[in-house]
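Any chance you can model this:
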Amino acid sequence: MKQQVGLYSTLGISHDQTHLWENGKLADRFSSRPITRYPMTSPNPTPHQPIPKGFAPMIAILTAIGPFSISMYLPAFPDISANLGATPIQVQQTLAAYLVPFAFMMLWHGSISDAIGRRKVILAGLLAYTVAGLICFFAQNILMLSLGRALQGIAAGAGMSVGRATVLDLLKGAAAQRLMARISMLFALAPAISPLLGSLLATAFGWRAVFACLTIIGGALLYTVWRFLPETLPLESRQPFKAKALLHAYGQALRMPKFTFLCLALSISVNGSMIYILSAPHFLQAVADTQFSSFAWLFVSVGLGMVLGSYANSRSAGKVSAKKTLQLGFSVMLLGCITNFLTVWLLPVGLPQNIIGVLIYTFGLALTMPSLQLMALEQLPARRGLASSLLGSFQVGMNGFTSIIIAPLMWHSAATMSFAMSGYWLIGLLALTISWYYHRRPAGQVRN
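Down below sits the predicted model:
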């Protein structure tokens, strides 16, 4: 009995609801429709349809298009400023113009997909993203560019939030973790490739070439999804889309401490390395220069750390518990923070020494990300789209906060950036610790 209660607590089910769960009658807390009872004995239940060919790279690209659109145009900031007659702060604000609607719309993409299906939402998002790319390409002033970036932000979240939900439509348990880790490995290439590609395009053809490339990517993805991605959410699993009920559902989800603190742990920890990406032109100018080679050092290090960490997570799926994986990942991130401090205080400022800690931190982060994502999504098994939307919104919202508030305060030196990374790690660890131990138990409930 004690062991069973521990399992139910992990799923967010109270003690007096366990007999309903065992009889397959537990109602979805967000609607009157009973939810499907998932088998608890097998980590890899049979999916309701085969995994589409090329599914992992397709979903990886869909989830990566949002971050790809953030970092690809960073090397073009000086050219945009000169060409459009804008100040560096105004150009930086085009990043906020992208991130804020990106975070807001991610609250809706997944929930809409819970009602009408995943495929339609992804296709509509990619169409809008392609149109937005054309607006940015033809922009004649900073305001028009900001409007185009805002539309890109509105559209890009569809692939990120809905794409993750498709994984759990098809797989569960260790199989889902392995696929999520494979997707994360491919996803990790975005921050390594996109700024390097952006730097080459901006140098050779000007900043407009960056948005021409993003437009072509959007159009190619639109065709690929239309041609190869089937609908993964069956009709019987869909939830009605009602604004009032949806807002109530969001409120209920945010009042689930474990879910909320898992989202916070992921989004805050991610920004320990994300601050280097968002601050790249200014940080690199402070420690070296903004030449192609400097961007290569930073973004290849971030990409390498993500790939290696994601690979390690995929190898540990089904062998090492999620809790131990997270403990190891946060320990590696701490090592990255310590390395950052040592290089700042013991070595001269420059590359690559001032990004070694970033590589280590990113490795630890990638080791934890698939487990944190799955643990958060599993808290709302009947509303994965909603859960994925909230998870993505937490992460992108924190990116926006970092870009607007924290980055301008910290990007002036390697020392201040190391303090920022360590602060994100510490607060992320605190949120994770609370998610483990903050459960609302009825009086007399048995503890593990």
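
Low-confidence ranges, the stretch 251-400 of the chain, go.
Along the stretch 251-400 of the chain, segments meeting pLDDT under 70 span 385.

How are the helices of it distributed by residue range?
In the stretch 251-400 of the chain, the helices defined using DSSP state H, counting those that start in this stretch lie at 257-278, 280-287, 292-316, 322-346, 356-377, 384-401.

What segments of the stretch 101-250 of the chain are strands?
Using DSSP state E, counting those that start in this stretch, no strands are found in the stretch 101-250 of the chain.

How about A192, nearest residue that isn't a chain neighbour?
By the measure of CB to CB, 6 or more residues apart in numbering, the closest residue to A192 outside its immediate chain neighbours is G303, 2.3 Å from it. For the C-beta atoms, the positions are set from N, CA and C on the backbone; glycine is no exception.

ok, back up a step: out of the helices of the stretch 251-400 of the chain, which is closest to L171?
L171 sits nearest to helix 356-377 of all those, at 10.2 Å, using CB to CB.

Could you report the neighbour count for I360?
Look at I360: counted by other CB atoms under 10 Å, it has 22 neighbours.

Can you name the residues that contact it?
Counting by CB atoms under 8 Å, 6 or more residues apart in numbering, I360 touches 305, 332-333, 335-336, 339.

L278: which of those is nearest?
G305 (16.6 Å).

what number of residues lie near the spatially closest residue to that closest one that is not a sequence neighbour?
Excluding its sequence neighbours, the residue lying closest to G305 (CB to CB, 6+ apart) is T362, at 3.0 Å. T362 is flanked by 30 other residues according to other CB under 10 Å.

how much space between T362 and N271?
Applying CB to CB, to the nearest Å, the value for T362 to N271 is 12 Å.

Y129 touches G153, doesn't it?
No - judged on CB atoms under 8 Å, Y129 makes no contact with G153 at a distance of 9.4 Å.

Quick check: which ranges of the stretch 101-250 of the chain have low pLDDT?
Short version for the stretch 101-250 of the chain, where the test is pLDDT under 70: 184-188, 191.

show me where it has helices.
Shown for the stretch 101-250 of the chain, the helices assigned by DSSP H, counting those that start in this stretch span residues 118-137, 142-170, 173-187, 189-205, 208-228, 243-254.

Any chance you could list what contacts the first one?
Applying CB under 8 Å, 6+ apart, the contact partners of helix 118-137 are 62, 65, 109, 112-113, 144-145, 147-149, 151-152, 154-159, 162-163, 165-166, 169, 208, 211-212, 214-215, 218-219, 221-222, 225-226, 229-233, 385.

Pull out the buried residues from that helix.
Neighbour counts over helix 118-137 (16 or more other CB atoms under 10 Å) mark 118-119, 121-137 as buried.

Which pLDDT value belongs to T416?
Reported pLDDT at T416 in the predicted model: 95.

Where does it fall, secondary structure wise?
Using DSSP states H and E, the element containing T416 is helix 414-437.

what about stretch 78-91, how long is it end to end?
Distances were taken as CA to CA, to the nearest Å; on that basis the terminal residues of stretch 78-91 are 9 Å apart.

Can you point out the buried residues in it?
Buried residues in stretch 78-91, defined by neighbour count with 16+ other CB under 10 Å: 79-81, 84, 86, 90-91.

what's the answer for stretch 333-347, then?
Residues 333-334, 336-337, 339-340, 343-344 are the ones in stretch 333-347 that count as buried (16+ other CB under 10 Å).

With stretch 64-83 instead?
Across stretch 64-83, burial judged by 16+ other CB under 10 Å covers 64-77, 79-81.

For burial, what's the neighbour tally of K53?
8.

Could you measure from it over to G153?
K53 is 31 Å from G153, by CB to CB.

and F104, which of the helices of the stretch 251-400 of the chain is closest to it?
F104 lies closest to helix 384-401 among those, at 7.2 Å (CB to CB).

Just the CA atoms of the closest one, as PDB, please.
The C-alpha trace of helix 384-401 is given here as PDB (Å, rounded to 0.1, in the frame of the first residue of the first chain):
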ATOM      1  CA  ARG A 384      -0.800  17.100 -22.800                       C
ATOM      2  CA  GLY A 385      -1.300  20.000 -25.200                       C
ATOM      3  CA  LEU A 386      -2.300  22.300 -22.400                       C
ATOM      4  CA  ALA A 387       0.600  21.100 -20.300                       C
ATOM      5  CA  SER A 388       3.100  21.500 -23.200                       C
ATOM      6  CA  SER A 389       1.800  25.000 -23.800                       C
ATOM      7  CA  LEU A 390       2.300  26.000 -20.200                       C
ATOM      8  CA  LEU A 391       5.700  24.400 -20.100                       C
ATOM      9  CA  GLY A 392       6.800  26.200 -23.300                       C
ATOM     10  CA  SER A 393       5.300  29.500 -22.100                       C
ATOM     11  CA  PHE A 394       7.200  29.300 -18.900                       C
ATOM     12  CA  GLN A 395      10.500  28.800 -20.800                       C
ATOM     13  CA  VAL A 396      10.000  31.400 -23.400                       C
ATOM     14  CA  GLY A 397       8.600  33.900 -20.900                       C
ATOM     15  CA  MET A 398      11.700  33.500 -18.800                       C
ATOM     16  CA  ASN A 399      13.800  34.000 -22.000                       C
ATOM     17  CA  GLY A 400      12.000  37.200 -22.600                       C
ATOM     18  CA  PHE A 401      12.600  38.400 -19.000                       C
END
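
so what does it touch, helix or strand wise?
helix 88-116, helix 142-170, helix 243-254, helix 257-278, helix 356-377 (3 or more CB pairs under 8 Å, 6 or more residues apart in numbering; DSSP states H and E).

Which residues does stretch 277-294 contact?
The contact list for stretch 277-294, computed with CB under 8 Å, 6+ apart, reads 70-71, 74-75, 77-78, 95, 191, 195-196, 199-200, 203, 276, 295, 297-299, 302, 349-351, 354, 399, 402-403, 407, 410-414, 417.

what's near enough to touch the nearest residue to A322 once chain neighbours are set aside?
Spatially, and ignoring its direct neighbours in sequence, A322 is nearest to S371 (4.5 Å; CB to CB, 6+ apart). The neighbours of S371, taking CB under 8 Å, 6+ apart as the test, are 177, 313, 322, 325-326, 329.
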